[in-house]
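Student: sequence and predicted structure, then a few things I'm wondering about:
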Amino acid sequence: MKTNAPSYRGYRFPPDIISHAVWLYHRFCLSFRDVEDLLVERGITVSYETIRQWCRKFGTEYARKLRRRQGRLGDTWHLDELFVTIQGQRRYLWRAIDQDGDVIDILVQAHRDQRAAERFFRKLLKGQEREPRRLVTDKLRSYEAAHRTLMPSALHDTERYANNRAEVSHEPVRQRERQMRGFKSVAQAQRFWPVHGVIQNLFRVGRHLLRSLNHRLLRSRSFLVWQEVTCA
């Protein structure tokens, strides 16, 4: 663990404060200034620009380690894309979640044609190291073409309402996009969403499906994993 520990050398604040700021920003729908105020209330004076730099540097590093720990996700992949406006231009946020609602991966692209679909499929296959048993999408022909090329053995489901899980999962994305007042660049969006997704996976424990005792145990386990990953 020590060899893979995040390097906090040269930072004035201790790891537990840095990791807590990153957690607040990605776990809740907060701005950098909101996180600054929450830390000030605890007697920690730090600027929102510093928090921005913490999230940019350490968020990506935490997410990479969390992704390795979570391993492979479910064998049913729900894929969908939603448009976002970046610098006045329409871009497409390609998203994949599994049957449990966990985010598998995210990719921002300029198009939603076959080439874009294949690029996203390759990214998913590289991350999961296997094909899904079942692939659920809408009737966009780009999915069908990419499926024939890259995932021919997976069952492709395009039935009406079959992909409601993916469409519903867009709602927190839209909420966060409004809070952030959009993105300044494709690079910023691509940097933020994968980190946000993997952190949400860790702390999304399905409260409504569990008894309170089981929910508390799973939540405690999530915090333990977070502390191990961040070495806080």
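Tutor: Arrived safely.

Student: for the residue nearest the centre of the chain, which non-adjacent residue is closest in space?
Tutor: Nearest residue to the geometric centre of the chain (C-alpha atoms, centre = their mean): G197, 1.3 Å. Of all residues not flanking G197 in the chain, V103 sits nearest, at 3.4 Å (C-beta to C-beta, 6 or more residues apart in numbering). No exception for glycine: its C-beta is placed from N, CA and C like everyone else's.

Student: you'd agree the one you found is up against V198?
Tutor: Yes. With contact defined as C-beta atoms under 8 Å, V103 reaches V198; the gap is 6.9 Å.

Student: in the helix ranked longest in the chain, what counts as buried?
Tutor: Selection of the longest helix in the chain by residue count, based on DSSP state H, yields helix 48-70. The neighbour-count check on helix 48-70 (16 or more other C-beta atoms under 10 Å) flags 48, 50-51, 54-55, 58-59, 61-63, 65-67 as buried.

Student: one more: stretch 23-42?
Tutor: When neighbours are counted by 16+ other C-beta under 10 Å, the buried residues of stretch 23-42 are found to be W23, L24, Y25, H26, L30, F32, D34, V35, E36, L38, L39.

Student: and the residue of the chain most remote from its centre, helix, strand or coil?
Tutor: Most distant residue from the mean C-alpha position of the chain: G43, 30.2 Å away (C-alpha atoms, centre = their mean). For G43, the reduced secondary structure class is coil; criterion used: DSSP: H, G, I helix; E, B strand; the rest coil.

Student: returning to that earlier point: how about the buried residues of stretch 23-42 in TSV, adding distance to N163?
Tutor: Output for those, formatted as TSV (distance: C-beta to C-beta, whole Å):
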residue	distance to N163
W23	31
L24	32
Y25	30
H26	26
L30	30
F32	34
D34	33
V35	34
E36	39
L38	37
L39	40
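
Student: tell me the bridge partners for T85.
Tutor: Partner residues in beta bridges with T85: R90, with DSSP bridges as the criterion.

Student: how close does it sit to V46?
Tutor: When C-beta to C-beta, to the nearest Å is applied, the distance between T85 and V46 equals 31 Å.

Student: then E159?
Tutor: Relative to V46, and taking C-beta to C-beta, E159 is found at 50 Å.

Student: can you check F192 too?
Tutor: Relative to V46, and taking C-beta to C-beta, F192 is found at 20 Å.

Student: more neighbours: which of these two?
Tutor: Set side by side, F192 and V46 show unequal neighbour counts under other C-beta atoms under 10 Å, the larger going to F192 at 21 against 17.

Student: could you list every residue that touches the nearest residue to L140 once chain neighbours are set aside?
Tutor: With sequence-adjacent residues excluded and distances taken as C-beta to C-beta, 6+ apart, L140 is closest to R112, at 6.8 Å. Contact analysis of R112 by C-beta atoms under 8 Å, 6 or more residues apart in numbering lists E81, Y92, W94, L140, S142.

Student: list the ones among those residues that fall in strands.
Tutor: Secondary structure from DSSP state E places E81, Y92, W94 of the contacts of R112 in strands.

Student: E177: which of those is nearest?
Tutor: For E177, the closest of these turns out to be Y92, at 13.4 Å, with distances computed as C-beta to C-beta.
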